[in-house]
Every structure is written in structure tokens, then in C-alpha cells.
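K.L.:
structure for this input, please:
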Amino acid sequence: MRKSKRWMAVIMAAGLAASVLAGCGGTPEPQEDLVKPKEESTQAPQAAAEGSIADQVQAPSRFALEFSDTAGQLSVSVDASVTVPAAEGFRLKTVASRTFTQEDYDAVNRVLLGGGALWERAVEEDDPAHGFTKAEIEQRIEELKRLEATGATYVDEYGDERSYGEAIKNFEEMLKYAPDTVGTREIEAKVQYDPDAAANGTPEKNWLMGNVTADGKDYVVSLGNELTPDWRWISFMVSYLENGGNYMPVGDTPAAGTSLNAPPEDIISKAEQAAADMGFDEFMSCGGEYFSTFTEDEEGKMVAADNGYGVYFTRVIDGIPVTYTHTDGSTSEGNWSSWPYEKLYMIYNDGGLVDFQWWDPYTVTDKSDEYVFLMPFDEIQKIFKEMFQKKYAFYTENNMKVNFAIDEIRLGYMRVMEKGNVMEGTMVPVWDFFGSQTVEREDGTTEVIGGPYDSWFTINAMDGTVIDRNLGY
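P.N.:
Below you'll find the model as predicted:
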């Protein structure tokens, strides 16, 4: 039970340090006439034509196109740079999930945390204060009372809505027993994986949770190896929570009310060096943006509490990057479980590292030594024009007007799932169309969504089929 207690203590510590953000967003249902999981073909992929990738696809350096539906409710404006890998060809690769290893933990700990020891608060099973000090609980009570006065919704560490009165009462009860200080004890930093842990009722076997002190700052470290065919979300995170944590991407400028003195170029160099030192030899940086963490002011408005810059990394295969997008691949249909994409990024503020996140690592092996056939870009753009309107027809069906502005088209690798096998997939070449959308609703309100890492359309470069990145096929 001690590990369960440890898990709860870390969650509550994060809750004490951060305000909970509540939000919602709609994801359209997959359209079956566009995207269907296909039966695995017994035929070998068509052989590549002569020449390099650029020779095969014959894509321009820039591409422009304008089209709309007959009613004029859905319009698309393409004025995009076209990026084609400078390589001889794409080879198919087999992709499988893997868990985090002891070597992974040791490398991250050595580089980002100076090899510091993992520790936890000395919390006894029957401690009514759950390991927190008087000052920490008093601060939380004060914060809850302030938020209650604004009329904001209280969401606990589990994501459940509760009344402020109930939460305040619980903390006031804890305060009666809270000490002025608490002790700590070292934890063995041992990474484990038991595929039957969840089924046996002991999922904590696959968790490693605690804190590491580095450069005078206490970082929360969490590693979850709970990989099963029905649960695919595994992660390794190192987070500094003093400013609230929960950093969110805000684009190419800092959030209002915050600043960042360090130039993004310096942070990119720092993150690239850290990645190299940790042994991420198969990855490259592929861009970045500002991140902010938010809190509520006295009027209940969300305001930025801190600002940082995040650097994204992507896997490189035979010199060709896996195309990075913000889509996480968490959508599923039927009885299939989702398979999130591999993600790796680091966020720094002026004080140093504030967040390291590594999700769902892969192993990648050769599936074929042959280069695959790539359709000419002229055929790809025709498919884009024809099928894009079908994919987003739900906007016009719901009396909304939408304009898509596509400013980048990129050819790269993408992991797709094989039908009936969510533990293994294939790296295939795809075209992605990046940009933003402006939605005008029936009530006259408008919203702009998207940016340089939002792909609105993905086409298999070998056969022209449309791929839903949310589903992974």
C-alpha cells in the first residue's frame, strides 16, 4: 500500500502547487466514407520509380490553390511552402511499443537532474495530514477561499467537480494534525515492468514516483510503465511545479503579462545538447513555441503565471524525419484501444528546465529494404481538393462557416496502426497539410484554431488514401 500512498501524495502535491484548469474541445467523429482501417495486404508495395524522392514526386517549392464548396460555407486557401526530404527514398519500417527502461531513467536523471537521488516525503499510512506541512495547507485553504469568492468551479486532483466548502473543510481537518516540517526518505530508483500488474490489482508495480532536488529546486519525477493492449498511455515526466506547472503551448509569442528573457535560439541549443547527452541519437529538434502556465486572478479570469519556451523533438529514420504534429492519436473507435504517438519535448524558462515529457516510446526495425513507390504531387493535390471538402462537410451541416488557410505542405514518415494489432504498426510516407482554420458560428462568433503543428489533412504518399491522424490509420 505504500506505493499507492506515494502516488496519492505526489498527485496532491501537484494539486497544492497548481490551479486546476478546466476546458473542453470537440473532436469530430471519423467519417467512415473517408477513413477506414484496411485489411492487411498480402501484396508487396509497388516498387519505387527511378531517382530520388524529389525526382519521384515532382513537387514545386511552393503551391497555391483556392477552392470552396458550392454554398461558399467551406473555403480553402492554400499558399504553402512544400517540404520534400532530401533522400533517395522511403523504406517501410515496423514500429512496436516499448516500455521505459532503467537506462532511460538513468540517462534522464544524469543529464537533467545531475544524478540526484529520488526521494519522497516520509508519509505514514495513517497520517491525517497526508505528509503536508501547516504552511502548505494554510496556503491551499487561502487559495480555495479566494477562488470560491470568484465563483470559479473547483476541480479536484482526480478531475471531479466538488464544492469549495467540502474541500476547505477537508483541508481544515488536515490542518489540525499537520506538522511544521516533514521529513523525507530516499526511494530506490528502480524501473520495472510487469505486464500482468494491472490485471493482478497491483498497477503501482509499474510506477516510479518521487522527487529529485537539482540546482536547489525540487522536481517531481513520474514514470509510468503501465503498457497493456488495452492501455497505451505511458509517460516519463520531470516537472518543476513552483510556478504552477501544467505548461500549455501558446504559439509564437509569450502570453500577455509574462516575459521570457532567454532567446528561443539559446533554449533550442540547450535542449538539443541535453537530448544529445541523454543519448537521443535517433531524434532531432523540429521546432518549438512558447508555453505558459495559468492561474485565476481575483476576478476569476485566467492569467499567465509563468512563461517558457518548449522544444519539440521527432524521430529521424534513414535521414527522414517523422512528421511532428500536435495530434496525439488518442481517438479510438469500436473495440480498438488508441495508440498515442511517440512524443518528446522539453520546456525551459529563464530559471532553467521546467518540464521534460516523453510519451509512448517506439522501437523501429526494417520491414523492407526496397524503396516504395511515391505518387506524383500533382495526383496528391487533386486528392486533397476532392476529399478535403468531404472530410469537413460537418461544418456546413451544422450551419457554420469555415475558412482553412494552408501554409505548409510536408512529406515525411508517419506511424500507422495495423488492423487488429494496436501493439505494432508501420512507418509509411505521408503528405501533411498544415495551417489554421477560422470558424464563424451561426451566432456570429468566430474562432481561429491551429498553427504550424496542426495538420488538417494527411494523405498516404504511396496510394493516395486519406489517413485520420486522430485514429492512426
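
K.L.:
can you count the residues close to Gly319?
P.N.:
Residue crowding around Gly319 was assessed by other C-beta atoms under 10 Å; the count is 9. C-betas here are computed from N, CA, C, even on glycine.

K.L.:
same question for Lys145.
P.N.:
Neighbours of Lys145 (other C-beta under 10 Å): 11.

K.L.:
quick check: the closest residue to it other than its chain neighbours vs Val416, distance?
P.N.:
Leaving out its chain neighbours, the residue that sits closest to Lys145 by C-beta to C-beta, 6 or more residues apart in numbering is Ile168, at 6.5 Å. Using C-beta to C-beta, to the nearest Å, Ile168 is found at 49 Å from Val416.

K.L.:
same question for Ala149.
P.N.:
50 Å.

K.L.:
those two: who's more crowded?
P.N.:
More crowded of Ala149 and Val416, by other C-beta under 10 Å: Val416, with 23 against 12.

K.L.:
which secondary structure elements does the host helix or strand of that one contact?
P.N.:
According to DSSP states H and E, Val416 maps onto strand 401-418. Judged by 3 or more C-beta pairs under 8 Å, 6 or more residues apart in numbering; DSSP states H and E, the packing partners of strand 401-418 are strand 74-83, strand 320-321, helix 393-397, strand 421-440, strand 446-460.

K.L.:
mean confidence for that strand?
P.N.:
When pLDDT is averaged over strand 401-418, the result is 96.

K.L.:
that strand vs strand 421-440, what angle?
P.N.:
Counting by axes from the mean of the first three to the mean of the last three C-alpha atoms, to 10 degrees, strand 401-418 lies at 170 degrees to strand 421-440.

K.L.:
extract the C-alpha trace of strand 401-418 and format it as PDB.
P.N.:
Written as PDB, here are the backbone C-alpha positions of strand 401-418 (Å, rounded to 0.1, in the frame of the first residue of the first chain):
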ATOM      1  CA  LYS A 401     -18.800  28.900 -42.000                       C
ATOM      2  CA  VAL A 402     -15.200  27.900 -42.100                       C
ATOM      3  CA  ASN A 403     -12.000  29.000 -43.900                       C
ATOM      4  CA  PHE A 404      -8.900  26.900 -43.900                       C
ATOM      5  CA  ALA A 405      -5.500  28.700 -44.600                       C
ATOM      6  CA  ILE A 406      -2.900  26.100 -45.500                       C
ATOM      7  CA  ASP A 407       0.700  27.500 -45.300                       C
ATOM      8  CA  GLU A 408       2.900  24.400 -45.300                       C
ATOM      9  CA  ILE A 409       2.800  21.000 -47.100                       C
ATOM     10  CA  ARG A 410       5.300  18.400 -45.800                       C
ATOM     11  CA  LEU A 411       6.300  14.900 -46.900                       C
ATOM     12  CA  GLY A 412       7.600  12.700 -44.100                       C
ATOM     13  CA  TYR A 413       7.100   9.500 -42.100                       C
ATOM     14  CA  MET A 414       4.000   8.700 -40.000                       C
ATOM     15  CA  ARG A 415       3.300   5.700 -37.900                       C
ATOM     16  CA  VAL A 416       0.000   4.000 -38.900                       C
ATOM     17  CA  MET A 417      -1.700   1.200 -37.000                       C
ATOM     18  CA  GLU A 418      -2.300  -2.300 -38.500                       C
END
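
K.L.:
quick one: the helices in this structure?
P.N.:
Ranges of helices in the chain, per DSSP state H, are 2-17, 53-57, 102-112, 134-150, 164-175, 264-277, 377-391, 393-397.

K.L.:
return the most buried member of those.
P.N.:
Of all the helices of the chain, helix 53-57 carries the top mean neighbour count, a mean of 19, counting by mean count of other C-beta atoms under 10 Å.

K.L.:
just the C-alpha atoms of that one, please, in PDB.
P.N.:
C-alpha atoms of helix 53-57 as PDB (Å, rounded to 0.1, in the frame of the first residue of the first chain):
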ATOM      1  CA  ILE A  53      12.200  11.400 -53.600                       C
ATOM      2  CA  ALA A  54      12.200  14.800 -55.200                       C
ATOM      3  CA  ASP A  55      12.500  13.200 -58.700                       C
ATOM      4  CA  GLN A  56       9.600  10.900 -58.000                       C
ATOM      5  CA  VAL A  57       7.100  13.400 -56.600                       C
END
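
K.L.:
ok now that helix, how far from the chain's centre?
P.N.:
With C-alpha atoms, centre = their mean, to the nearest Å as the basis, the distance from the averaged C-alpha position of helix 53-57 to the chain average is 32 Å.

K.L.:
output the contacting helices and strands for it.
P.N.:
Helix 53-57 packs on no helix or strand, going by 3+ C-beta pairs under 8 Å, 6+ apart.

K.L.:
coming back round to it: in CSV: the helices of the chain, plus distance to Gly412 and mean pLDDT.
P.N.:
Shown next, in CSV, are these (distance: least, C-beta to C-beta, whole Å; pLDDT from 0 to 100):
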stretch, distance to Gly412, mean pLDDT
helix 2-17, 35, 39
helix 53-57, 10, 98
helix 102-112, 25, 99
helix 134-150, 44, 87
helix 164-175, 47, 91
helix 264-277, 19, 99
helix 377-391, 13, 97
helix 393-397, 27, 85
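
K.L.:
Val212 is nearest to which of these?
P.N.:
Shortest distance between Val212 and those, using C-beta to C-beta, is found for helix 102-112: 6.9 Å.

K.L.:
quick one on the thing from earlier: next one: the residue nearest to Lys145 from Glu188, what distance?
P.N.:
37 Å.

K.L.:
please name the residues that touch Ala86.
P.N.:
Ser52, Ile53, Ala54, Gly319 (C-beta atoms under 8 Å, 6 or more residues apart in numbering).

K.L.:
so who does the last one touch?
P.N.:
Residues counted as contacts of Gly319 (C-beta under 8 Å, 6+ apart) are Pro85, Ala86, Ala87.

K.L.:
in the stretch 101-250 of the chain, which spans are strands?
P.N.:
Remark: strands assigned in the stretch 101-250 of the chain by DSSP state E, counting those that start in this stretch are 119-121, 154-155, 161-162, 184-186, 207-214, 217-224, 235-239, 248-251.

K.L.:
pull the fifth one out as CSV, backbone CA atoms only.
P.N.:
Presented in CSV, the C-alpha positions along strand 207-214 are these (Å, rounded to 0.1, in the frame of the first residue of the first chain):
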residue,chain,number,x,y,z
TRP,A,207,5.1,3.2,-11.4
LEU,A,208,8.1,5.2,-10.2
MET,A,209,7.2,8.4,-8.5
GLY,A,210,9.1,10.8,-6.3
ASN,A,211,11.1,14.0,-6.2
VAL,A,212,14.7,14.9,-7.1
THR,A,213,16.5,18.0,-5.9
ALA,A,214,18.7,19.6,-8.6
